[in-house]
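In: the sequence and its predicted three-dimensional model are supplied below.
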Amino acid sequence: GSAPKFPQPGSLLFLLDEHRRTGATPALAAVELTLRNMALGGIRDHLGGGFHRYAVDRTWRVPHFEKMLYDNALLATAYLRAWQATGKEEYAAICRQTLDFLLAEMQDPAGGFYASIDADANHVEGSSYVWTFAELDKALGADAARRFARMYGVTVRGNAEAGNNVLYKAESAASVAESEGLPLGTMLCELNAARSRLLVLRRSRPAPAVDRKILTAWNGLALSALAGAGAAFDDRGYREAACLAADRILRRHRVGRVLARYSLDGAAAGDSFLDDYAYLANGLLDLYTATLRERYLAQANRLGSEMLRRFGQADGTGIHYAALPASGTGLPVRTRHLPDGATPSPSAVAWEVLQRLAEITGSRPFQRAAQALEKDLLLAAQTAPEASLYALSFASADLSRQDRVVIVGPAEARGTRALAREASRLARRGTVLVWAPPGATGRSIRQLSPLVRDKTMAGGKPTAYICRAGACLPPVTEAEELKDALS
């Protein structure tokens with residue numbers, strides 16, 4: 001009965017992971033129903049891309065118009081995983097449109113992403129986004145305006161205040177084309193031209209203010225979204241945008257030996273918390289999987305160690321949201337942040353990071369800390385499962401984790417690149433992917449990860465090893481063989 005906000009991000013991931021693990025059709029149907037209706041509603045920006053913060057009505061049509069980095073990063077990931085689960089191109093398109101919005105509207109030229117875009121301009125909420133029927137008629141002409149209005153729920157009276165209209169998908173292009181006696185191709189061309197024209201006009205209006213802070217934690221979520229899409233779509237632009245953001249954060253968000261909470265105009269400030277370390281480390285691990293650039297794995301490993309040192313209990317039995325102040329002043333109680341909120345539980349993401357690092361490095365401290373967090377999170381899930389869905393989604397993925405993929409070969413070799421591209425494209429949540437160059441150039445990764453220490457090139461060719469359920473398959477040297485094995 002209450003106005004719908006976004007589902008907690010963990011709920012969509014949990015249901016997708018359950019479908020993957022068990023083949024549960026109701027789980028996938030619930031995800032598709034949610035994502036499809038969010039994509040049709042006014043909560044989505046049908047001209048500029050991306051999603052507004054939440055809806056204020058029961059039908060998802062009237063949004064609170066603020067746009068948040070974390071919402072769009074998490075939704076891009078959800079649509080990407082829905083595409084991977086179903087193969088439906090509509091989900092891939094929405095993922096791309098959401099990420100393209102981030103790159104166009106929220107990316108800092110030096111790398112990284114701004115925190116948010118305000119809901120209002122000139123103190124009027126939504127004024128940048130709404131349209132009257134008369135504005136459409138003037139901009140598009142009578143016939144095109146009528147068809148556009150049918151598709152996007154625009155009326156003369158208005159579906160919002162003061163005769164204004166929020167755009168939402170009321171009819172499909174196919175149904176409008178059929179009733180208007182137009183070929184579908186003609187209708188789609190007209191629709192694309194109309195959207196482009198209206199977007200140009202919208203950009204001439206007073207623009208909402210942009211919160212230009214670059215928040216460490218939220219940028220970590222953006223890294224995961226861009227890296228995942230870059231790998232799955234084999235899209236160099238998304239991978240490079242993620243690299244640019246990661247390099248900016250790693251270079252600028254250091255104050256002494258610890259991370260800063262944010263930067264503004266290049267100056268880092270603010271005490272960091274567990275979500276800063278966990279989200280960023282997870283994003284770097286995703287970026288390593290997408291690019292196999294060793295520096296991102298090394299930095300994630302460093303952040304994992306710092307995270308335990310700053311936020312972990314001395315006996316290794318838990319992890320706190322805030323660090324113990326160096327001065328001895330601060331809150332008398334250090335809280336544990338176990339439940340999900342608008343963003344995933346920092347403790348649950350920290351568990352994921354520690355488990356992933358333990359798989360790659362074999363580190364006993366990471367293993368012990370991951371086991372302790374697992375107990376805490378799953379105990380909390382027994383009493384409040386609806387607030388523990390990100391942890392449950394990782395537990396579900398962890399149960400089904402099978403693949404450890406090691407690629408050995410020179411970075412510049414065509415065969416290495418082909419194997420790496422296929423492995424990162426097909427990697428699913430829980431897949432461990434490590435690359436090692438042969439000889440002395442691979443010394444650092446061999447010291448870091450026991451997974452690669454005994455792996456060599458077969459017959460002098462770049463080689464991939466797949467280990468599953470405690471056993472390794474015969475090594476492969478062709479990308480097509482690797483694709484068949486991973487599929």
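Out: Thanks, I have it.
In: low-confidence ranges in the stretch 301-450 of the chain?
Out: In the predicted model of the stretch 301-450 of the chain, residues 316-317, 325-334, 398-402 satisfy pLDDT under 70.
In: which residues in it form strands?
Out: When secondary structure is read from DSSP state E, counting those that start in this stretch, the stretch 301-450 of the chain shows strands at 403-408, 432-436.
In: which strands border the last one, and is each parallel or antiparallel?
Out: I take that to be strand 432-436. strand 403-408 (parallel) (DSSP bridges).
In: for the closest residue to residue 78 other than its chain neighbours, what are its contacts?
Out: Nearest residue to residue 78 in three dimensions, chain neighbours excluded: residue 12, at 4.5 Å (Cβ to Cβ, 6 or more residues apart in numbering). Heads up, the C-betas are built off the backbone N, CA and C, glycines and all. Applying Cβ atoms under 8 Å, 6 or more residues apart in numbering, we find residue 12 in contact with 31, 34-35, 78, 81-82.
In: among the residues you listed, which ones are buried?
Out: Buried members of these, scored by 16 or more other Cβ atoms under 10 Å, are 31, 34-35, 78, 81-82.
In: winner for burial among the strands of the stretch 301-450 of the chain?
Out: Across those, averaging neighbours per residue (mean count of other Cβ atoms under 10 Å) puts strand 432-436 on top, at a mean of 24.
In: nearest to residue 249 among the buried ones among the contacts of residue 12?
Out: Nearest to residue 249 among these: residue 78, at 23.1 Å, using Cβ to Cβ.
In: so that closest one versus residue 38, what's the distance?
Out: Taking Cβ to Cβ, to the nearest Å as the measure, residue 78 falls 9 Å from residue 38.
In: same question for residue 26.
Out: Here residue 26 is placed at a distance of 19 Å from residue 38 (Cβ to Cβ).
In: for the residue nearest to residue 78, pull up the helix or strand it's in.
Out: helix 9-22 (DSSP states H and E).
In: in that helix, what's buried?
Out: For helix 9-22, the buried set under the neighbour-count rule, 16+ other Cβ under 10 Å, comprises 9-20.
In: for the residues you listed, which one is nearest residue 270?
Out: The closest of those to residue 270 turns out to be residue 9 (Cβ to Cβ; 23.6 Å).
In: residue 32: how many residues sit nearby?
Out: Other residues near residue 32 come to 17 when the count uses other Cβ atoms under 10 Å.
In: what does residue 342 give?
Out: 14.
In: ok, it touching residue 70?
Out: Yes: Residue 342 lies in contact with residue 70 (Cβ atoms under 8 Å); the separation is 6.9 Å.
In: what's the offset of stretch 183-200 from the middle of its chain?
Out: Chain-centre distance of stretch 183-200: 29 Å, with Cα atoms, centre = their mean, to the nearest Å.
In: what residues does that stretch touch?
Out: 46-48, 131, 136, 139-140, 144, 147-148, 151, 173-174, 176-177, 180, 182.
In: restricted to buried residues, select these in PyMOL.
Out: Once 16+ other Cβ under 10 Å is used to decide burial, the buried members of the contacts of stretch 183-200 can be selected in PyMOL as follows:
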select buried, resi 46+47+48+131+136+139+140+144+147+148+151+173+176+177+182
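In: mind checking which of the contacts of stretch 183-200 are in helices?
Out: Secondary structure assignment (DSSP state H) places 136, 139-140, 144, 147-148, 151, 173-174, 176-177, 180 from the contacts of stretch 183-200 within helices.
In: now for these: which two are most distant?
Out: Longest span within these, Cβ to Cβ: 139 and 174, 23.8 Å.
In: now render the contacts of residue 12 as a markdown table, adding pLDDT, distance to residue 66 and secondary structure.
Out: What follows is the contacts of residue 12, written out as a markdown table (pLDDT from 0 to 100; distance: Cβ to Cβ, whole Å; DSSP: H, G, I helix; E, B strand; the rest coil):
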| residue | pLDDT | distance to residue 66 | secondary structure |
| --- | --- | --- | --- |
| 31 | 92 | 25 | helix |
| 34 | 91 | 21 | helix |
| 35 | 94 | 21 | helix |
| 78 | 94 | 19 | helix |
| 81 | 94 | 25 | helix |
| 82 | 95 | 24 | helix |
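In: could you work out the most separated pair of those residues?
Out: Looking across these, with Cβ to Cβ as the criterion, the two at the greatest separation are 34 and 81, at 12.7 Å.
In: residue 447 and residue 170, how far apart?
Out: Distance, residue 447 to residue 170, by Cβ to Cβ: 60 Å.
In: give me the more crowded residue out of the two.
Out: When neighbours are counted by other Cβ under 10 Å, residue 170 comes out ahead of the other of residue 447 and residue 170, with 17 against 11.
In: how is residue 61 assigned, secondary-structure-wise?
Out: Taken by DSSP: H, G, I helix; E, B strand; the rest coil, the conformation at residue 61 corresponds to coil.
In: phi, psi of it?
Out: phi -100, psi -30 (degrees, to the nearest 10).
In: now it, nearest residue through space, not along the chain?
Out: Using Cβ to Cβ, 6+ apart and skipping residues adjacent in sequence, the residue nearest residue 61 is residue 42, 4.2 Å away.
In: check the one you found and give its pLDDT.
Out: pLDDT, the model's per-residue confidence, is 95 for residue 42.
In: same check, this time on the one 10 residues further on
Out: If you check residue 52, the pLDDT there is 96.
In: what bridges to the residue nearest to it when sequence neighbours are not counted?
Out: The spatial neighbour of residue 52 that comes closest, neighbours along the chain excluded (Cβ to Cβ, 6+ apart), is residue 63 at 3.7 Å. Going by DSSP bridges, residue 63 is paired in beta bridges with residue 55.
In: contacts only, for residue 63.
Out: Taking Cβ under 8 Å, 6+ apart as the contact definition, residue 63 lies against 41-43, 52-56, 126, 166.
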